[in-house]
Each structure stands twice: as structure tokens, then as C-alpha cells.
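All I have is the shape, not the residue letters:
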């Protein structure tokens, strides 16, 4: 009888062991991992468009950097439509993004939309182009006045330049006025006359070519043409080539597009301004994550957006001409050597000054 009692007690103890083990409060490894998992930071990024070559590079570097730092990026393309961009930003607000980054189409049309984001507690970064009267949390770009000065120095350094035309981007882009301010200051100091100025609405390069076709007499009087970017310069040089003026009239631009670099080694464009967008995009991604986490971006500079002093991170641009194109563009990996010299068979490297 005792033997049966002992066996029953042992069986009962074995049955109770799993229940006893569960009372200790310990978690399975999978439960611990789930408890430690955090939602990734979500960044909404609205681009003007991807018509300009450099924006695709900015996008890729920003997204890659953010991903490495544990964030997700929702990229939207407004295709140059300001109403579409406003709609995209409002979508980001509705989705409760942790931070919004904007490459604005019209610097003066987004202040109300930015305020909606700030009211929702979402930090806003103005990327490369300042949003005016909006009190964004950060403006990160290049020194755009210096960009204009470099373009002016490129023209002033060309022999025999006395008269120049300006074919710039849209004044809705706040950077355009900054670049032109720097350019005009150099023209004034070097006593070079600005014959005429036009602005290509929406950065449409074909409008630059139209100006060349429609103002033949003015073009004949010009020794040089300042183009708002390399995309406009491409259209302008093609129009000049039809009149056998390519290489005879000095042309400058900015962004270091591949086509511009090819023209520099060919001699149909004097210089361009290289803006190391990899550094800009990487820095912007790091700042976006810091702001999303509730931190503050330490800056040495501020910029007046018309109503507020905005924290400003300004990166230095680099002037690119025939004598330094290998060092600045090719050795940095921005463009491949074989691509830059594609139209120059037998030429292994640029000549130095």
C-alpha cells in the first residue's frame, strides 16, 4: 500500500514541475527579443523632382545613410508641382513621421504647411533650399553666395570678358537670389557689364536654349554666359553650337554634372561648381535622426529666413576647371575618368595650368 502511495506522489510532483517552472516570471528568448525591439525612426522626404541629375545622388546617399543608422525613409517626388509637394508633406504629417525633410519647389509657399508639421510636433529640415518665413528646425546646404562668387571668378578669369548674360533658375528658389548676389558682386568688382538677366521657370533647361534662339543680337554682344546650373548650361551650349559659338563664348554653371565635366575638358564650358552632395546627404541624414530623437543640432551659423533666424549648416563648394578636374572630380570618385574623357579619345588626363 505504501508503495502505491509513493508512486502516486512522485507522479503528481512530475505533473506539477512545468507549472512551477512557469511561475518564475522568466521569458522565453523570443519574448525578450520582441520586448527589446524598437520601432525604426521614420523620415518623410519630399523632392522637387529628379530632373536635375544631382538629386538622384542626394536621394541615394541620404536613404543609404539613414538605413545604416536604423531609420526608414519614405521618398516622394513632387515633379515640380508645389501643390503636389504640399499634399506630400501633409501626408507625412498624417502618417506621424518622426521628421520631415524637404527639397522645396517654391521657397515662399510652404510656411503654412511647415507650421502644421511643427504644431504636430514633427521637426522639419529644409534641404539645400531655404524655406522662407517658416522657422524650420534646420537648414542644411552649401554656401550659395560663395557658389555665385566662384561662377563670377570663373568668368572674370576668362580672357577678354567685358559683357555677360545671366540665365538663372527660378526666383521661387531662394538659392537663386543668393547665387546671383555673389555673382553680381564679382562682376561689379571686375567691371564686367551684365547685359541681361532671365530666369528659367521651374528650372526648365529648354528655356535657356529658347533665350539663345530668341535673343541673337544680345548673344552676339556677350563674351560669357552665367547659367544657373549645369542642366541649363547643357541646353545653352547646344544652342550656341548651332550658331558655331560653342567655345567662343565662356559658359559657367554649377553641380558638376557629367555633361558639364565633359564640356570642361572639351573646352566648351569654362568651369562648374562641385558641391560634395555625399557629405551634404550624409550630414542631413544624421541631423534628421538626431532631431527625431529629440536632440538639438549644434550649428555655428544661422540664416535669416525673412522672419526667423534658422540654424544653418553650410558646407563649402569647390570650383572645378580644366586644371583640377582630375583631382576634384575623378580622384574623389564623383565621376569616372573614362566617362569624363569619353569624347576626348587619346587624352588621358586634363592639362594643368
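That came through fine. Keep in mind that what you see is a predicted model, and the values were worked out from it rather than measured.

contacts, neighbours, all on C-alpha from now
OK.

Kindly check the end-to-end length of stretch 154-161 for me.
11 Å (CA to CA, to the nearest Å).

Can you tell me what sits against it?
186-187, 190, 192, 223-224, 226, 250-252, 270-271 (CA atoms under 8 Å, 6 or more residues apart in numbering).

now the helices: where do they sit in the stretch 1-150 of the chain?
Ranges of helices in the stretch 1-150 of the chain, per DSSP state H, counting those that start in this stretch, are 2-22, 29-36, 53-68, 82-94, 111-119, 144-156.

Sort out which residues of stretch 257-266 are buried, please.
257-258, 260-266 (16 or more other CA atoms under 10 Å).

picking that back up, just among the contacts of stretch 154-161, which is most surrounded?
Top of the contacts of stretch 154-161 by neighbour number is residue 251, holding 32 neighbours under the definition other CA atoms under 10 Å.

Give me the mean pLDDT for the one helix or strand that residue maps to.
Residue 251 belongs to strand 250-252 when elements are defined using DSSP states H and E. The average pLDDT for strand 250-252 rounds to 98.

which strands and helices sit next to it?
The helices and strands touching strand 250-252, judged by 3 or more CA pairs under 8 Å, 6 or more residues apart in numbering; DSSP states H and E, are helix 144-156, strand 224-227, helix 230-242.

Can you lay out these as TSV showing distance to residue 174 and mean pLDDT?
Converted to TSV, those look like this (distance: least, CA to CA, whole Å; pLDDT from 0 to 100):
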stretch	distance to residue 174	mean pLDDT
helix 144-156	10	97
strand 224-227	16	98
helix 230-242	18	98
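
closest one to residue 77 among the ones you listed?
Closest to residue 77 of the helices and strands packed on strand 250-252, according to CA to CA: helix 230-242, at 18.7 Å.

Contacts made by the closest one with the rest, please.
Residues from elsewhere that reach helix 230-242, judged by CA under 8 Å, 6+ apart: 52-53, 167, 203-206, 208-209, 212-213, 227, 246, 251-257, 259-260, 268-269, 272.

how far is stretch 283-302 from where the chain is centred?
Distance, stretch centre to chain centre, for stretch 283-302: 16 Å (CA atoms, centre = their mean, to the nearest Å).

Just the mean pLDDT for that stretch, thanks.
95.

hmm, who's touching it?
Contacts for stretch 283-302 (CA under 8 Å, 6+ apart): 41, 43, 62-63, 65-66, 69, 71, 98-101, 122-123, 125, 127, 138, 140, 309-314.

low-confidence ranges in this structure?
Within the chain, the stretches with pLDDT under 70 are 1-37, 346-353.

Can you get me a residue count around residue 169?
Applying other CA under 10 Å, I find that residue 169 has 27 neighbouring residues.

and the residue nearest to residue 172 when sequence neighbours are not counted, how many neighbours does it have?
Take residue 172 and drop its neighbours on the chain: the residue closest to it by CA to CA, 6 or more residues apart in numbering is residue 106, 4.8 Å away. A count of nearby residues for residue 106, using other CA under 10 Å, gives 22.

Over to residue 243?
With other CA under 10 Å as criterion, residue 243 counts 12.

how near is it to residue 209?
Separation of residue 243 from residue 209 (CA to CA): 12 Å.

try residue 216
For residue 216, the distance to residue 209 - CA to CA - is 11 Å.

just checking, residue 107 touches residue 173?
Yes - here residue 107 reaches residue 173: they are 5.5 Å apart, a contact under CA atoms under 8 Å.
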